[in-house]
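Engineer: predicted structure and sequence below. I'll ask about it afterward.
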Amino acid sequence: MLSKRIIPCLDVRNGVLTKGVKFQGNVDIGDPVLTARKYYEEGADEIVFYDITASHEGRGIFLDVVEKVASTIFIPFSVGGGINSVDDMRDALNAGAEKISINSGAVKNPDIISEGAVRFGSQAIVLGMDVKQVDKTGDIPSGYEIVIHGGRKHMGMDAIEWAKTAEALGAGEICVNSIDADGTKDGYELTLTRMISEAVSIPVIASGGAGNPRHMYEALTEGKATAALIASIVHYGEYTIPDLKRQIHAMGAKMRMVW
């Protein structure tokens with residue numbers, strides 16, 4: 001059995017670490033470079049960096065911050081926000097990222113997934129999905145809709161079908177973020193996570209809603225995710241990464257331990 005991963009997520013706005021609830025009310029809380037180093041030293045399996053306003057503002061990602069984070073950690077590093085072309089991907093990889101997370105750009109131009117996979121390999125291409133639960137319709141039979149631009153724009157696309165399409169185009173991993181659960185600390189959206197995990201054969205990361213180790217264990221077992229993304233519970237000091245790993249391991253999920 002492969003070890004499950006814990007992945008701290010750094011949402012960055014104007015170069016500063018920030019956190020909101022359901023993509024709203026963001027509060028600036030620190031330095032992303034120092035925070036990334038702390039999580040690396042605590043035993044994070046990977047780190048994700050999102051420039052959360054880049055797509056909405058129509059600009060590229062802050063590469064200088066990416067470079068600073070990459071220079072201080074030595075674990076897989078995924079970067080997203082404002083990536084709309086293979087050139088954008090190349091720039092982020094050259095700045096030190098190992099993986100590229102594409103979200104709004106892929107929805108608007110799905111070919112970017114296959115272009116990136118051909119150029120850099122599927123292992124470097126992560127599809128980020130921001131999802132809201134809606135009424136089931138002919139266009140959205142699962143009841144889960146894709147939204148873009150930081151949750152601002154509904155696309156009328158079914159999340160499960162989009163996940164299947166992205167895998168077929170060459171995505172190597174999918175990060176499923178429930179906007180309804182984001183920042184609430186009430187638990188992951190397990191139904192959504194499980195539906196996508198069962199629909200594709202590539203790794204799925206659960207994102208949005210972690211409040212305690214039990215929530216993470218549920219995402220990794222009931223939700224069938226291979227990794228759990230976390231933010232608030234470590235940003236605000238409620239848990240350390242070793243705390244989380246020890247407790248999840250004790251519940252029965254295999255973790256890469258740091259004692």
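Structural biologist: Yep, it's here.
Engineer: hey, let's count contacts and neighbours off CA atoms from now on
Structural biologist: Fine.
Engineer: which residues sit in contact with the residue nearest to the spatial centre of the chain?
Structural biologist: By C-alpha atoms, centre = their mean, the mean C-alpha position of the chain lies nearest to residue 175, the distance being 4.6 Å. Residues near residue 175 by C-alpha atoms under 8 Å, 6 or more residues apart in numbering: 126-129, 204-207.
Engineer: before we move on, what about residue 12?
Structural biologist: For residue 12, the contact set (C-alpha under 8 Å, 6+ apart) comprises 18, 32, 49-52.
Engineer: between those residues, which is closest to residue 6?
Structural biologist: Distance ranking of those against residue 6, using C-alpha to C-alpha, places residue 49 first at 14.1 Å.
Engineer: do I have it right that the closest one meets residue 78?
Structural biologist: Yes: between residue 49 and residue 78 there is a contact under C-alpha atoms under 8 Å: 6.1 Å.
Engineer: and the contacts of residue 175 as a markdown table, adding distance to residue 36 and secondary structure?
Structural biologist: As requested, the contacts of residue 175 are exported to a markdown table (distance: C-alpha to C-alpha, whole Å; DSSP: H, G, I helix; E, B strand; the rest coil):
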| residue | distance to residue 36 | secondary structure |
| --- | --- | --- |
| 126 | 20 | strand |
| 127 | 22 | strand |
| 128 | 20 | strand |
| 129 | 23 | strand |
| 204 | 22 | strand |
| 205 | 19 | strand |
| 206 | 20 | strand |
| 207 | 18 | strand |
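Engineer: so the residue nearest to the centre of the chain sits in a strand?
Structural biologist: Yes: Residue 175 sits within a strand when classified using DSSP: H, G, I helix; E, B strand; the rest coil.
Engineer: can you pull up the bridge partners for it?
Structural biologist: When bridges are called by DSSP bridges, residue 175 pairs up with residue 128, residue 205.
Engineer: mind checking what secondary structure residue 27 has?
Structural biologist: Residue 27 - assigned by three-state DSSP - is strand.
Engineer: who does it bridge with?
Structural biologist: Going by DSSP bridges, residue 27 forms beta bridges with residue 19.
Engineer: OK, contacts around residue 125?
Structural biologist: 99-102, 113, 116-117, 170-173.
Engineer: distance of it relative to residue 106?
Structural biologist: Using C-alpha to C-alpha, to the nearest Å, residue 125 is found at 11 Å from residue 106.
Engineer: residue ranges of the strands in the stretch 151-259 of the chain, please?
Structural biologist: Per DSSP state E, counting those that start in this stretch, the stretch 151-259 of the chain carries strands over the ranges 153-158, 173-178, 204-207, 227-230.
Engineer: in a markdown table: those, plus distance to residue 244.
Structural biologist: Shown next, in a markdown table, are these (distance: least, C-alpha to C-alpha, whole Å):
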| stretch | distance to residue 244 |
| --- | --- |
| strand 153-158 | 33 |
| strand 173-178 | 20 |
| strand 204-207 | 15 |
| strand 227-230 | 10 |
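Engineer: residue 39 is nearest to which of these?
Structural biologist: Closest among those, using C-alpha to C-alpha: strand 227-230, at 11.1 Å.
Engineer: export that closest one as CSV, just CAs?
Structural biologist: Extracted in CSV, the C-alpha atoms of strand 227-230 (Å, rounded to 0.1, in the frame of the first residue of the first chain):
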residue,chain,number,x,y,z
ALA,A,227,-3.5,12.9,-0.4
ALA,A,228,-5.1,15.5,1.8
LEU,A,229,-4.6,19.2,1.3
ILE,A,230,-4.6,21.3,4.5
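Engineer: check the secondary structure at residue 17 for me.
Structural biologist: Classification of residue 17 using three-state DSSP returns strand.
Engineer: ok, it - contacts?
Structural biologist: 10-11, 28-32.
Engineer: among those, which are in helices?
Structural biologist: In helices, defined here by DSSP state H, the members of the contacts of residue 17 are residue 32.
Engineer: got a winner among the contacts of residue 17 for most neighbours?
Structural biologist: residue 10 (26 neighbours; other C-alpha atoms under 10 Å).
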